[in-house]
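Novice: Sequence first, predicted coordinates after that:
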Amino acid sequence: MSETNENFTWHSESDAPAPRRMSPVDDRLKADVALARLRRRETLLYTGDWNNARQLLTAVGRRLSSPTKAKSALEAFREERRNRAVEHEILSRLVVELDRDYKLSLSRAPDVAEACTQVWGPATTDRTVVSIKTLLGMIGAAEWRRRGLKVPGLTGTLHPHYGVYSPTRTEYVELLAQVKDVKGKRALELGCGTGVLSFILLQNGASEVLATDVDPRAVACATENAKALGLAERFRAIETDTYPEGTFDLVVCNPPWIPEPPKTRLDRAVFDDDSQMLTGFLSGLGEHLRPDGEGILILSDLAVILGLRSEQWLEQELAAAGLSVAWTNSTQAKHGKAKDASDPLHTARSREVTTIYGLRRAPAS
């Protein structure tokens, strides 16, 4: 969310409105006092040293952390989501100000102009206000974008953009890379993110890929990466939340795997409110497949483990959409949180399995 008033431009990854007033604070502010003021819904404008600002953010965050006392996986998930929501709300009120050139006027401050321009474009006002937490995320993302990321199954380097889900969790990528029967096929990817799945299809021989995403940042990211990988002539990304017109040999979707409302724009790669994207993919698949076409769904079972979906849910949705499963392949979770015993959801995540489903129109009865 971006909001401009007569005094400054406000940037947020949630629907939090621009602060009406801000209280300047500096290096003398202690974490306990800061937390008390933030809990009273004060917005604190940090004006001291950048390194001290980061340390204050960390110290306040530690005071918000509390070990889960939940007994079931679902209770642990609910408590963890509540904790993260509170943390986001409170920490987002610790802010800094940038000038028209996106210069941060704190001592020992890094040059953040490139990171800000990549996300927001050129400044349109003399003052920009953003939370320290968001700015740190943008700085980290700019470094990932500069250095690039090696992804299993992809030839070349992927350069993720801020706010676009980065394939550091690679199970879904590795599963698709094993699908070799794509040569000469015209493919569609729904919810492309960085475009990594589309690029793997193209490198494995697909003739062309049309990709969609609801987020313009993802469309820009995928388009830029296609050009860098030498795939731009066979790849196109468009911004839409529905199926585009036409039929395809192959339709691929790796939807968000948790059927809950996203709290922020950054959450949309993980949280799919009421499974809207997944059910939309399934219900529209049949009419967008060519006669011998195939759909590919890649989905984690974490929602089932947490009790957010029944074990029969997917089978029922497939039947309702007139689809059948032609083949599957599965892999255990390999990502860091599945191995981190200190994670509140470790018990559930350690059991997580990601499966790729080959889908066809069900035979007429």
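Specialist: On my side now, so go ahead.
Novice: Please count neighbours and contacts with C-alpha atoms only from this point.
Specialist: Will do.
Novice: mind listing what's buried in the strand or helix carrying Arg62?
Specialist: Using DSSP states H and E, the element containing Arg62 is helix 50-64. If you call a residue buried by 16 or more other CA atoms under 10 Å, then helix 50-64 has these buried ones: 50, 52-53, 56-57, 59-61.
Novice: Just give me the closest of these to Gln178.
Specialist: Set against Gln178, the nearest of the buried residues of helix 50-64 by CA to CA is Gly61 (41.2 Å).
Novice: who are the neighbours in contact with the closest one?
Specialist: 87, 91 (CA atoms under 8 Å, 6 or more residues apart in numbering).
Novice: Can you give me the pLDDT of it?
Specialist: We have a pLDDT of 94 for Gly61.
Novice: now it: how far from Leu94?
Specialist: In this structure, Gly61 and Leu94 are 11 Å apart, going by CA to CA, to the nearest Å.
Novice: For Val86, grab the count of nearby residues.
Specialist: Using other CA atoms under 10 Å, Val86 has 15 neighbouring residues.
Novice: In terms of helices and strands, where is it?
Specialist: Per DSSP H and E: helix 73-91 holds Val86.
Novice: List the buried residues for that helix?
Specialist: Buried positions in helix 73-91, judged by neighbour count with 16+ other CA under 10 Å: 73-77, 79-80, 83, 87-91.
Novice: Quickly list the domain ranges of the chain.
Specialist: Domains of the chain are assigned by automatic domain parsing as 2-144, 148-361.
Novice: Distance from the chain centre to the lengthiest strand in the chain, please.
Specialist: Ranked by residue count, the top strand of the chain under DSSP state E comes out as strand 289-300. Centroid separation between strand 289-300 and its chain, computed with CA atoms, centre = their mean, to the nearest Å, is 23 Å.
Novice: Identify all contacting residues around the next helix or strand after it.
Specialist: Per DSSP H and E, the first helix or strand lying C-terminal to strand 289-300 is helix 302-306. Residues outside helix 302-306 that contact it (CA under 8 Å, 6+ apart): 73-74, 77, 257-259, 309-311, 348-349, 351-353.
Novice: about what we covered before: helices or strands next to the longest strand of the chain in the packing?
Specialist: If contacts are counted by 3 or more CA pairs under 8 Å, 6 or more residues apart in numbering; DSSP states H and E, strand 289-300 sits against strand 248-253, strand 353-361.
Novice: Direction included, what does the last one pair against?
Specialist: This means strand 353-361. Counting by DSSP bridges, the strands paired with strand 353-361 are strand 289-300 (antiparallel), strand 323-332 (antiparallel).
Novice: hey, which helix or strand in this structure has the poorest pLDDT?
Specialist: Here the helix or strand of the chain ranked lowest by mean pLDDT, DSSP states H and E is strand 2-4, holding a mean of 60.
Novice: Can you name the element that comes right after that strand?
Specialist: As assigned by DSSP H and E, the chain's next helix or strand after strand 2-4 is strand 9-11.
Novice: From the chain's centroid, how far away is that following strand?
Specialist: Per CA atoms, centre = their mean, the displacement of strand 9-11 from the mean C-alpha position of its chain is 21 Å.
Novice: And for the helix or strand just after that strand, what's in contact with it?
Specialist: Moving toward the C-terminus from strand 9-11, the next helix or strand (DSSP H and E) is strand 23-25. If you take CA under 8 Å, 6+ apart as the criterion, strand 23-25 is touched by 42-48.
Novice: Pull out the buried positions in strand 23-25.
Specialist: Val25.
Novice: pLDDT of it, averaged?
Specialist: Average pLDDT, strand 23-25: 96.
Novice: Number of residues surrounding Ala211?
Specialist: Neighbour count of Ala211, defined by other CA under 10 Å: 28.
Novice: can you list the weak-confidence ranges in this structure?
Specialist: Within the chain, the stretches with pLDDT under 70 are 1-6, 67-70, 365.
Novice: make it 80
Specialist: For the chain, applying pLDDT under 80 flags the ranges 1-6, 15, 65-71, 334-344, 364-365.
Novice: Now the residue lying closest to His346 once chain neighbours are set aside: phi and psi?
Specialist: Of all residues not flanking His346 in the chain, Ala338 sits nearest, at 5.8 Å (CA to CA, 6 or more residues apart in numbering). Phi and psi for Ala338, reported as degrees, to the nearest 10, are phi -70, psi -20.
Novice: Could you number the chain from 548 rather than 1 from now on?
Specialist: Fine by me, first position is 548 from now on; the one you just mentioned is Ala885.
Novice: Go through the domains of the chain and pick out the most buried.
Specialist: domain 695-908 (a mean of 19; mean count of other CA atoms under 10 Å).
Novice: Off-centre distance for it?
Specialist: Centroid separation between domain 695-908 and its chain, computed with CA atoms, centre = their mean, is 12 Å.
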